[in-house]
Every structure is written in C-alpha cells, then in structure tokens.
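# Compute the structure for the input listed below.
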Amino acid sequence: MEAVETDIPARLDRLPWSAFHTLIVVALGITWILDGLEVTLAGSVSGALQESPVLHLSAPQIGAAASAYLLGVVGGALGFGWLTDRWGRKRLFTITLGLYLVATAATACSWSFWSYAAFRMLTGAGIGGEGTAINSAIQELMPARYRGRTDLAINGSFWVGAAMAAASTLVLLHPGRFPPDVGWRLAFGIGAGLGLGILVLRRYVPESPRWLMVHGRIGEATQIVDEIEARITSSTGRPLPLAQGTLRLIARGHTSLREVAQTLITRYPRRTILGIVLIASQAFFYNAIFFTYALVLRRFYGIGPARVGWYLLPFALGNFTGPLLLGRWFDTIGRRPMIAGTYALSGVLLAVIAAMFGAGLLDATSQTVAWSVIFFFASAAASAAYLTISESFPLEVRAIAIALFYAGGTLLGGVAAPWLFGHLIASGERRQVVWGYLLGAVLMVGAAVAELLLGIAAERRSLESIAAPLSSVE
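Predicted coordinates for the structure are as follows:
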C-alpha cells in the first residue's frame, strides 16, 4: 500500500489554547470527577453502610466491595481499552459513560452485600473503560506544550468529584434528615445525574484526528482539523502559524495483541518497566489510604459517619491543588525531575506521618492536615504516572497500553490494598496500620529511583517524536 504524507500532528500541536480545548477538558475530563465521586462516596458512606438496617456491612466487607470496584476498573480498562484502539475514541467514551450511568444508579438500589459489590464492580468497569478512551483522546487533541499541565489538571480533577461527594454526604447523612437506609442511596444518584448532562456535551467532541490518520481516514481527519482551525481563527481574528513537519504513513487496520506485546516488551522495555513501577506504587499508596480513610477516622478518632465529609474536604483540596499548581513545572522543569521529586517527597512524608500516627501524636484534625500536605505532592505524582504511560507508546497501541498498565499496576498494587487495610484497621492496633503505611512509603521512594534511572524527557515534544507510530515510514 502506498504511503501518505500528512501534517495533521504538526497542525494540532501548533494551535493556541482555545474554546475548543476548553470543551475537550470539560467534556472528557468529567471522567476523573466521576471516578473521584464514586471512590469518595464509597468511603464516605462506609459508616452508613455499616449502620444500614438492610446491608449492615462489616469493615472487611467494605474493603472487599472497594476491591470489587477496582477489579471492575481493571476489567473495564482492558476490555474497553482494546476496543478503543479498534473502534475509535469517540464511540467508546460514549459506551462507557452509558455503562457507568446504569451501574451507579443500580448501586443505589442494592439490597445485600453481594448486590452492592456486583454493582460497584460494574460501575468500576465503566470508569475503567472511560479512562482509557479519555486519556487517549485528550493526549491526541492537546498541543504538545500544554500536554503535561493539562493532563495533570484533568487527572487531579478526581478530587473535585471527591469534594462533591464529601459535601453531599454532609447533607445526605446528617442525622435525622433521611432514614438510615435512604441517605447513602441518594448519594449514589448524584453521579448518574451528572453523567446525563455530560452525554449531551460529548456530542460536540470529535473523533481523534490522529486515530483517523493512522487508520487511513486522512480525509475525515483533515476535515476535523480544518474545522478546529477555522473556529480558532474566527475567534482570535489572527492567522495561525505554519505547521512544521510531516509524517509518512501506511494505513493499517487493527493492531494485533502480538504486535502490542512486541511493542511493549521488545521495542520499549525500559518504558514498560517504568510504567509498571509508577502505576503500581501509586495505586497501593492511594488505595490503601483513601479507601479506608473513613474507617481510620471512626476506629481511632471516634468520628461518626455524618462528620466524615468535613475531614475529606481539606484532603480533597490538597489533592486537587497539587496537580493544578505543580503541573506547569512538568512542562518546563521537565518530566524526570518533577516525577521523581513528587514520588520521593510523598514517600518520605508518609513515613514520618506513619511514625507519628503509631506514637499517638495525631488527632483527627492534625491527621487530616498531614494527609492534605502529603497528597498535595502524591496527587501530582499519581497524575504524572498516567501522563507517562499515555505519551510513551505509539498511537496504535496507546489505549490498550494505558489499559494494560493500569490493570497490571492496579492488580499488583491496588486491588489488595483496601482489603489488607480493612483487616489492619479492624485489628484496632495502630502498629499494624503503621506497617501498611510504611510499605506504601517504600514503594513510592522506589518509584522515584526508577524514574531517575528510566524516565524520558517528553516535555514539549510531539507524541510522534516520543514514540513514532507503528504505521510510519522513513
């Protein structure tokens, strides 16, 4: 088949920030808000679920349901990630949002532990599939010089959803406002309502021109880019600079799983090792602490379910402001020093706070302040892990690579963490919980070392210069 020359990537990368890019951030970035909403709701209502006359869940069952959610995220990421590279970004982020809406509404109707865990797993599948399609689309539509800060801010918006969940539980779980088995059910309906509005907004998001380009649909890709450029020049009243650089591609169909394996293992082995380490370490760090935070507040500080939201709000604020304020430095100072620095600092601070917790030097307020400071840096580190994966591999395997790393890292570092910490907290022994915290600290510092040894300088570079498409020819 004859090669085709195109300048589509260069045209996209030289665009100034515009209303189009804001639309992409809002319509697609909602995924992380929904994820934050779901995860935080599960933690915030854990006390209410224990007191529910219908469910009456134990601490280990709450941890198991959290693990079920994560298993759903893993399965959804893998299945929908594979389809995203085959069917396109736009089709998949519509399907996955629909699954999420149905599943989270069903969670509100749970009647037993097993039904609750099953619906949580399906909700996770929708969120996991969303993540692969959304990260791929955002990376491919953002100009290179904004890619780092935009990706970190979007991933950090997880904590906007967390804050929304915390605030809603302050109202819905307030004693006497609703019956014990109603407030938590209403809380799970928030995500469904939010997602319905986003379904409408996503109608205006185009397919990724880069995906169309490598699948031989150059005409469609060119038309989309022409429309984007026309909207920008119309709004600014200024001509765009000339695009510099072209690619020569041979259109291809679907990429086989064998090619995916060869790309990850043979072509980019160092990037593969780094991706697993970054994702697995932050997954354990986050899932161990965040999924069980409400249990810690209740067990060791006597904080009731109705008051948990007050302690989650500053925690969410620290997590959101970290990527938002530090993100620009990932595009200027560079990926390697910023990723290594945020991972290392998070691990060291966790070790210090773990020692203070074990010695009984903290109360609920100081514990919350400590977590807010730690996760100011840890949130940027975790967001950068997903940024690293999504920009390190060729376009044809981007979505499935994101899915594989997320699934592998979560299975290695995340799925067991809520279950493990549920049992550690149930023991009532601070020393047991401290050992779990220290394990998370060691993993984060180890990931920082891996970044210094294996990280790449991807800042302000086009995706195609970081990893050439498999369909490109010299």
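# Correct me if wrong: residue 446 contacts residue 277.
Yes: applying CB atoms under 8 Å as the test, residue 446 and residue 277 come out as touching, 7.1 Å apart. The C-beta positions use only the backbone N, C-alpha and C, and glycine is treated the same way.
# more neighbours, the two?
A count of neighbours by other CB atoms under 10 Å puts residue 277 above the other of residue 446 and residue 277, at 24 against 16.
# List the buried residues in the helix or strand hosting that one.
Element membership for residue 277, per DSSP states H and E: helix 269-290. Across helix 269-290, burial judged by 16 or more other CB atoms under 10 Å covers 271-272, 274-290.
# Lowest mean pLDDT among the helices and strands, pick that one out for this protein.
Lowest mean confidence among the helices and strands of the chain (mean pLDDT, DSSP states H and E): helix 46-51, at a mean of 68.
# Mind checking the pLDDT average for the helix or strand just after that helix?
Heading C-terminal from helix 46-51, the first helix or strand you meet, by DSSP H and E, is helix 59-87. Averaging pLDDT along helix 59-87 gives 82.
# Can you point out the buried residues in helix 59-87?
By neighbour count on 16+ other CB under 10 Å, the buried set for helix 59-87 is 59, 61-85, 87.
# Distance from that helix to the middle of the chain?
With CA atoms, centre = their mean, to the nearest Å as the basis, helix 59-87 stands 12 Å off its chain's centre.
# related to what we said a few turns ago, can you spell out which helices and strands pack onto the helix holding residue 277?
For helix 269-290, the packing partners by 3 or more CB pairs under 8 Å, 6 or more residues apart in numbering; DSSP states H and E come out as helix 19-44, helix 335-358, helix 364-391, helix 398-413, helix 416-426, helix 430-454.
# In terms of mean pLDDT, which of these ranks lowest?
When I compare those, helix 416-426 is least confident, with a mean of 70.
# so where does residue 242 fall, helix or strand?
Residue 242 belongs to no helix or strand, assigned by DSSP H and E.
# out of the helices and strands packed on helix 269-290, nearest to residue 133?
The minimum distance between residue 133 and the helices and strands packed on helix 269-290 falls on helix 398-413, with 6.5 Å, by CB to CB.
# Centre of the chain to that closest one, how far?
With CA atoms, centre = their mean, you get 11 Å for helix 398-413.
# buried stuff in that helix?
Using 16+ other CB under 10 Å as the test for burial, helix 398-413 gives 398-410, 412-413.
# and which of these is nearest residue 34?
Taking CB to CB as the measure, residue 34 lies nearest residue 406 of the buried residues of helix 398-413, at 15.9 Å.
# now the nearest residue to that closest one once chain neighbours are set aside: how far from residue 194?
Closest residue in space to residue 406, ignoring its immediate chain neighbours: residue 77 at 4.9 Å, by CB to CB, 6 or more residues apart in numbering. In this view, residue 77 and residue 194 are 21 Å apart by CB to CB, to the nearest Å.
# Strands of the stretch 151-300 of the chain, start to end?
With strands called from DSSP state E, counting those that start in this stretch, the stretch 151-300 of the chain shows them at 247-249.
# So, low pLDDT: which residues of it?
174-176, 180, 184, 290-292 (pLDDT under 70).
# can you pull out the helices in it?
158-172, 183-201, 209-214, 218-236, 257-262, 269-290, 293-301 (DSSP state H, counting those that start in this stretch).
# Now render those helices as CSV, adding distance to residue 365.
Putting those into CSV (distance: least, CB to CB, whole Å) gives the following:
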stretch, distance to residue 365
helix 158-172, 15
helix 183-201, 24
helix 209-214, 48
helix 218-236, 47
helix 257-262, 48
helix 269-290, 17
helix 293-301, 9
